[in-house]
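[1] Would you be able to build a 3D model of this:
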Amino acid sequence: MSTVKTIGSEAETVSLIGAKIKSLFAAGCKRILFINPPQVAEQDFDQDIARLGFYYAFPPYGPGVLVRTLENHGYTADIVDLNYEVLLSAQSPHFHYRIWQKFLDKKVIEFKPDLVCISVMFSMTHDCMLETAKYVRETYPAVVVMAGGVHPTGCPEVILEITHSIDFVMRYESDNSLVSFCDYVNGASGSEDLSQLATLHEGRYIEIVKRDRPNEDRLSIAPDYKALPIGEYSGYGRIGSYSWLFDSATHRSSSIISNRGCRARCTFCSVENFNFRGVRGRSIQSVIDELQTLRDVYGINHVMWLDDDLFYDTERTISLFQEMTRHELGITWDATNGIIASAATAEIIHAAAQSGCRGLNIGIESGNPEILKSVLKPSAVKHFRRLAEMLKGYPQIFSKGLLMIGFPGETMGQIWDTINLAREILLDWYPIQIVAFFANTSMTNSLLQQGMLSEDKIVDARFFNGTAGGQKQREREEKQISKFIPDILQRDGAYVPTPEELKDIWFLADWLVNYERILPEYDPVKLEMKKAILTNICERMSVNNPLSTMFLGIVENRLNQKNQALERFKRAKVLVGESEFWRIRFDALKLNDLLEEQAALAAQ
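    Model prediction:
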């Protein structure tokens, strides 16, 4: 994101950073504590949503890998997961958000770290990272604080300049660089081994730009979660996007990765910049061993693949799935991060189904060939059609097509191409996002260089659709006074909508690709799938949403669950009456008439 700044030559920069490291670690560095901060900031945190288990509760996979890596090199490491502690504590009526400080204090006092590493994946966690770092700095001033992960990698200069609580930012994958950092502190290596490390010197940003990318031999290790109760995580939050498919009483989910990186170079994604080009795979046996550990130690029976390119090697992918089947692991799985449609083959999909696949997210993004080409998508419209046809033979696999609107310069006609493709290929559901400009993506970097985007707009960039996203915020803010452009999709095909107009386009697209298409559906298998996802939306994701509530009633009525349907219709009427946001949208789309009609059918 930023132009790399050094003072003098690269050698002088290394010397300055090396001197700062030595000055901060007078007694060496043997004990390293990783912190997974809360994932939702206090001002956005909703205890009711937390109690429903709808915030993310991913195990700290990356820190777990680094714990094992450091201990393999003679260091002592541990993890404190403040996100899990907040979600667990939110179940209590006496909950207060800053209880995370109590858990952090306990761990720091017991563990006595020399270095604290705050791990941050997404920019939505930016404020939480700053708050955590500030608390560590003020409470334990002798402890050195480092930030790392995808978000700090993308905007290290901004982070270091807005807070004095973070001493260093370790960029990119740090399997090698963090070990080298600790070795240098302890005199086991020279400054020439330092890499991908940023800090401030006399108020000026400096960075060692050399990268130290771990090779495949270093990847085949499983995380060491220490005492974290990984088997309990999915009881207090989401891991992936398919937990609603399972019985909550017996479902225990976790995450796992089989490879790092992605062959694609999508301009809106930071994977290439973070992991560098190409894909590196773990040994299949190491993946099977980790799955068995998850099952036997933590009772896990479902995993989400963290891979960004799960199908990157056809032969390896099929072998992995066949080994999972052969070992009879009793573990189902999903690919929430999305698969590349052009990489899918009939053989892979068959092996996936046999090995326990229950959910596939497919990275469609756009149905317009020009947009797909401009953002360097590795799949074309023909690949989306082909994969949708393949999946028809595997009804047990719930398919989602990930869509995006609002690409720079995207016209109304191009948005319609996306809507029409989704309605044509009929995947089971379509999550839609308005393009967000996250740090360290080619698209964001290009807009910054052109002066079309400012850095302060990307520090805490967030998804529009989600529990803490812009759509939920809009619903809350417009409960009393709202505005809506119901005919926005009828604008000229060459028209480029404004960011404000995209919010209404999102709503209408969601209606067209997800809800309206339920009306002609009577297949009981498909209706059961719709019931599952709509129940999840109504009871966990968006509990005051009359649209999803009404359509859940429609589905239940067609499944001959008339009493439940009538209750849904009654609640939908109440919700519409309580919110101006929903009232004007129901009026504009004539949904009140539909609601009355469906309620009458259920009452017969």
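
[2] In the protein, which helix is the longest?
    Counting residues, the longest helix found in the chain (DSSP state H) is helix 562-578.

[3] avg pLDDT for it?
    Across helix 562-578, the average pLDDT comes to 96.

[4] Just the buried residues of it, please?
    Neighbour counts over helix 562-578 (16 or more other CB atoms under 10 Å) mark Gln564, Ala565, Leu566, Arg568, Phe569, Arg571, Ala572, Lys573, Leu575, Val576 as buried. For the C-beta atoms, the positions are set from N, CA and C on the backbone; glycine is no exception.

[5] Neighbours of the nearest residue to the first one once chain neighbours are set aside, how many?
    Counting by CB to CB, 6 or more residues apart in numbering, the nearest residue to Gln564 once its immediate chain neighbours are dropped is Glu556, at 4.7 Å. Residues within reach of Glu556, counting by other CB atoms under 10 Å, total 24.

[6] Just the pLDDT for Glu556.
    In this prediction, Glu556 carries a pLDDT score of 97.

[7] Just confirm it contacts Glu567, I think it does.
    No. Using CB atoms under 8 Å, Glu556 is not in contact with Glu567, being 9.0 Å away.

[8] picking up where we left off before, following the chain onward from the longest helix of the chain, which element is next?
    Going down the chain from helix 562-578, the next helix or strand is helix 580-588, by DSSP states H and E.

[9] in that following helix, what counts as buried?
    By 16+ other CB under 10 Å, the buried positions in helix 580-588 come out as Glu580, Phe581, Trp582, Arg583, Ile584, Arg585, Phe586.

[10] with those in mind, which one is nearest to Leu24?
    Phe581 (51.0 Å; CB to CB).

[11] Torsion angles phi and psi at the closest residue in space to Asn259 that isn't next to it in sequence?
    Distances taken as CB to CB, 6+ apart place Gly281 nearest to Asn259, at 4.1 Å, with adjacent residues excluded. With angles defined as degrees, to the nearest 10, Gly281 sits at phi -100, psi 150.

[12] Isn't His126 up against Thr132?
    No. Contact criterion CB under 8 Å: His126 and Thr132 do not qualify, at 11.0 Å.

[13] quick one, strands of the stretch 151-300 of the chain?
    Counting by DSSP state E, counting those that start in this stretch, the stretch 151-300 of the chain has strands at residues 168-170, 197-201, 204-208, 253-256, 259-262, 278-281.

[14] mind checking which of these is nearest Tyr55?
    Closest of these to Tyr55 is strand 253-256, at 14.3 Å (criterion: CB to CB).

[15] Parallel or antiparallel, which strands does that closest one pair with?
    Strand pairing for strand 253-256, determined by DSSP bridges: strand 302-305 (parallel).

[16] average pLDDT across the strand it pairs with?
    98.

[17] continuing past that strand, what's the next helix or strand?
    helix 314-326.

[18] for that next one, which positions count as buried?
    For helix 314-326, by 16+ other CB under 10 Å, it's Thr317, Ile318, Leu320, Phe321, Glu323, Met324.

[19] before we move on, back to that, Serialize the buried residues of helix 580-588 to TSV and add fields for distance to Gln47.
    Shown next, in TSV, are the buried residues of helix 580-588 (distance: CB to CB, whole Å):
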residue	distance to Gln47
Glu580	25
Phe581	22
Trp582	23
Arg583	27
Ile584	29
Arg585	28
Phe586	29
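
[20] Would you check which pair of those residues lies furthest apart?
    Farthest pair in the buried residues of helix 580-588, by CB to CB: Glu580 and Phe586, 10.7 Å.

[21] closest to Gln480 out of the strands of the stretch 151-300 of the chain?
    Relative to Gln480, the nearest member of the strands of the stretch 151-300 of the chain by CB to CB is strand 253-256, separated by 38.8 Å.

[22] and the worst-scoring helix or strand of the chain on mean pLDDT, what does it pack onto?
    Ranked by mean pLDDT, DSSP states H and E, the weakest helix or strand in the chain is helix 470-477, scoring a mean of 82. Helix 470-477 sits against helix 499-510, helix 580-588, with contacts defined as 3 or more CB pairs under 8 Å, 6 or more residues apart in numbering; DSSP states H and E.

[23] on that earlier part again, next, format the buried residues of helix 562-578 as a markdown table and append distance to Gln598.
    As requested, the buried residues of helix 562-578 are arranged in a markdown table below (distance: CB to CB, whole Å):
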| residue | distance to Gln598 |
| --- | --- |
| Gln564 | 13 |
| Ala565 | 8 |
| Leu566 | 10 |
| Arg568 | 9 |
| Phe569 | 6 |
| Arg571 | 13 |
| Ala572 | 9 |
| Lys573 | 11 |
| Leu575 | 15 |
| Val576 | 14 |
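
[24] With respect to Thr139, which of those is nearest?
    Using CB to CB, Leu575 is the member of the buried residues of helix 562-578 that lies nearest Thr139, at 44.2 Å.

[25] Hmm, Ser542 and that closest one touching each other?
    No. Applying CB under 8 Å, one finds Leu575 not in contact with Ser542, separated by 10.3 Å.

[26] For the chain, give me the ranges with low pLDDT.
    Counting by pLDDT under 70, the ranges of the chain that qualify are 1-8, 456-462, 464, 466-469.

[27] Show me where the stretch 101-250 of the chain has its helices.
    Taking DSSP state H, counting those that start in this stretch as the test, the helices found in the stretch 101-250 of the chain are 126-139, 150-154, 156-162, 177-185, 216-219.

[28] I'd like those as a markdown table, with mean neighbour count and distance to Gly356 appended.
    Formatted as a markdown table, the helices of the stretch 101-250 of the chain follow (neighbours: other CB atoms under 10 Å; distance: least, CB to CB, whole Å):
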| stretch | mean neighbour count | distance to Gly356 |
| --- | --- | --- |
| helix 126-139 | 20 | 34 |
| helix 150-154 | 26 | 28 |
| helix 156-162 | 20 | 40 |
| helix 177-185 | 23 | 34 |
| helix 216-219 | 15 | 23 |
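
[29] Is it possible to get CSV of those that adds distance to Met170?
    As requested, the helices of the stretch 101-250 of the chain are exported to CSV (distance: least, CB to CB, whole Å):
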stretch, distance to Met170
helix 126-139, 13
helix 150-154, 8
helix 156-162, 9
helix 177-185, 6
helix 216-219, 16
